[in-house]
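A.B. asks: Can you look at this prediction? I've put the sequence above it.
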Amino acid sequence: MTAGLDAKWPASYFVKIGARSTIGREYFNYQGHALEYIPFYLAPRLTLLRCGLGAREGIIVGDFVEQAEPLRDSASAGRSIHALGTLFSRTLAAWRHDAKKDEIRSIGQVLAEFLPLGWDVPAARKEILMRDFGVTPDVSGIRQLLTKCNAKPVLIGTIHGDLNPSNILIRLSDAILIDFEKLREGQPLVYDAASVEAGLLVDGFVADNREPKEWLESIDSLYDSHKLFEWRIPCHPKDGSSWFYDCVRQVRLQAKQVELQTGQYATALAIALVRKSCNEHIFRDRRDTLRAAAYVLGERILKLVVTEYGKRVL
């Protein structure tokens, strides 16, 4: 018998069971895009003999990432600034190096599929928007604004597609990716960075007890211009939003490297925020208020971008 088979503490695995099509897609993404291009210690490796597809369901099994915490927890505690930098410079480096310029489509055209027809803000969240922020959401109007965002060329390549703070695990200075089900090819690289910022906004302030308007005012200066890469006066370290300013600064430093025309990251961020507000799941806690606020900021940014594009045309 091979030594070690009877050990009391074998390695831990993660197990994911779901519909055959969903599991099959994620398995392909792991094998064809993640494991070939992401360093072995920055994404879990699948145990191929334990993965399989049935008639209706499938299963994938892989290494369980130990001694790590989700970005949503580490960010608000001030433990993720360096790891946010390595997320783009190391974990996603191969995808970035393989990116190409799309000279034909504009940023609005490549982002259109991220806000498909039929998507809308759920009724319960609309009530929050009108009650707490005095805003009536109009997702169809957002789509119309997006058609006016004509900056090109766009840097496209492989993106994670669901780079929210739950799918990024932080272990010291490493940023480890999980859940590759929604990985996409030929998409704007700015969108992954936008997903991180939007995700931190809706997930990172769940424990913040400030009134909605007070909280929104504390981060307002981050979203008052289409030029998101300009220097912003940071919060006082004792302010409850200071961690968010630090994280946003790091994310935008990385996003600037893949923006080919001014306003492309702002456009991607606007769509990522509106997508968060359209999430059909109703949480029935502060997360719904945060997602309502995401719509407010997304609409504001997109209007600023479109106004600036209009000036260039004139």
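C.D. replies: Cool, the structure landed.
A.B. asks: Contacts only, for residue 167.
C.D. replies: By Cβ atoms under 8 Å, 6 or more residues apart in numbering, residue 167 lies in contact with 160, 177, 178, 179. (Each C-beta comes from the backbone N, C-alpha and C, glycine too.)
A.B. asks: one more time with 10 Å
C.D. replies: With contact taken as Cβ atoms under 10 Å, 6 or more residues apart in numbering, residue 167 is in contact with 70-72, 160-161, 176-182, 195-196, 199.
A.B. asks: Could you double-check that residue 79 lies in contact with residue 72?
C.D. replies: No: Residue 79 lies out of contact with residue 72 (Cβ atoms under 10 Å); the separation is 11.7 Å.
A.B. asks: shared neighbours of these two, anything?
C.D. replies: residue 170.
A.B. asks: Next, the buried residues of the lowest-mean-pLDDT helix or strand in the chain.
C.D. replies: Lowest on mean pLDDT, DSSP states H and E among the helices and strands of the chain sits helix 35-37, with a mean of 88. Neighbour counts over helix 35-37 (16 or more other Cβ atoms under 10 Å) mark 35, 37 as buried.
A.B. asks: Setting aside sequence neighbours, what's the nearest residue to the residue most central in space within the chain?
C.D. replies: The C-alpha lying nearest the average C-alpha coordinate of the chain belongs to residue 195 (Cα atoms, centre = their mean; 2.0 Å). Excluding the flanking residues, the one nearest residue 195 by Cβ to Cβ, 6 or more residues apart in numbering is residue 163, at 4.1 Å.
A.B. asks: Backbone dihedrals for the one you found, both of them.
C.D. replies: phi -80, psi 60 (degrees, to the nearest 10).
A.B. asks: Please work out the average pLDDT along stretch 222-235.
C.D. replies: Across stretch 222-235, the average pLDDT comes to 87.
A.B. asks: returning to what we had before: double-check the residue nearest to residue 195 against residue 184; I have them as touching.
C.D. replies: No: with contact defined as Cβ under 10 Å, residue 163 does not count as touching residue 184 (11.2 Å).
A.B. asks: Overlap of the contact sets of these two?
C.D. replies: 191, 192.
A.B. asks: Neighbour count: those two, which is higher?
C.D. replies: Comparing residue 163 with residue 184 by neighbour count (other Cβ atoms under 10 Å), the higher total belongs to residue 163, at 25 against 19.
A.B. asks: Provide a list of residues in contact with the more buried one.
C.D. replies: With Cβ under 10 Å, 6+ apart, residue 163 has these contacts: 71, 87, 92, 177, 179, 182, 191-199, 272.
A.B. asks: residue boundaries of the helices in this protein?
C.D. replies: 20-29, 35-37, 71-76, 81-86, 93-97, 107-111, 123-132, 139-146, 190-204, 212-218, 242-256, 264-278, 286-313 (DSSP state H).
A.B. asks: Turn those helices into JSON lines, columns for distance to residue 171.
C.D. replies: Shown next, in JSON lines, are the helices of the chain (distance: least, Cβ to Cβ, whole Å):
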{"stretch": "helix 20-29", "distance to residue 171": "22"}
{"stretch": "helix 35-37", "distance to residue 171": "18"}
{"stretch": "helix 71-76", "distance to residue 171": "9"}
{"stretch": "helix 81-86", "distance to residue 171": "8"}
{"stretch": "helix 93-97", "distance to residue 171": "18"}
{"stretch": "helix 107-111", "distance to residue 171": "32"}
{"stretch": "helix 123-132", "distance to residue 171": "34"}
{"stretch": "helix 139-146", "distance to residue 171": "37"}
{"stretch": "helix 190-204", "distance to residue 171": "17"}
{"stretch": "helix 212-218", "distance to residue 171": "30"}
{"stretch": "helix 242-256", "distance to residue 171": "17"}
{"stretch": "helix 264-278", "distance to residue 171": "25"}
{"stretch": "helix 286-313", "distance to residue 171": "25"}
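A.B. asks: Report pLDDT for residue 7.
C.D. replies: 66.
A.B. asks: again, but for the one 3 residues further on
C.D. replies: Reading off the confidence values, residue 10 has pLDDT 76.
A.B. asks: Count the neighbours of it for me.
C.D. replies: Residues lying near residue 10 (other Cβ under 10 Å) number 9.
A.B. asks: on that earlier part again, buried ones among the contacts of residue 167?
C.D. replies: Among the contacts of residue 167, the ones that count as buried by 16+ other Cβ under 10 Å are 70-72, 160-161, 176-181, 195-196, 199.
A.B. asks: and which of those residues is nearest residue 62?
C.D. replies: residue 178 (9.0 Å; Cβ to Cβ).
A.B. asks: Spatially, and excluding backbone neighbours, which residue is closest to that closest one.
C.D. replies: residue 167 (5.5 Å).
A.B. asks: Any figure for the gap between that neighbour and residue 182?
C.D. replies: 9 Å (Cβ to Cβ, to the nearest Å).
A.B. asks: Common neighbours of those two, please.
C.D. replies: Jointly contacting residue 167 and residue 182 under the rule Cβ under 10 Å, 6+ apart are 160, 161.
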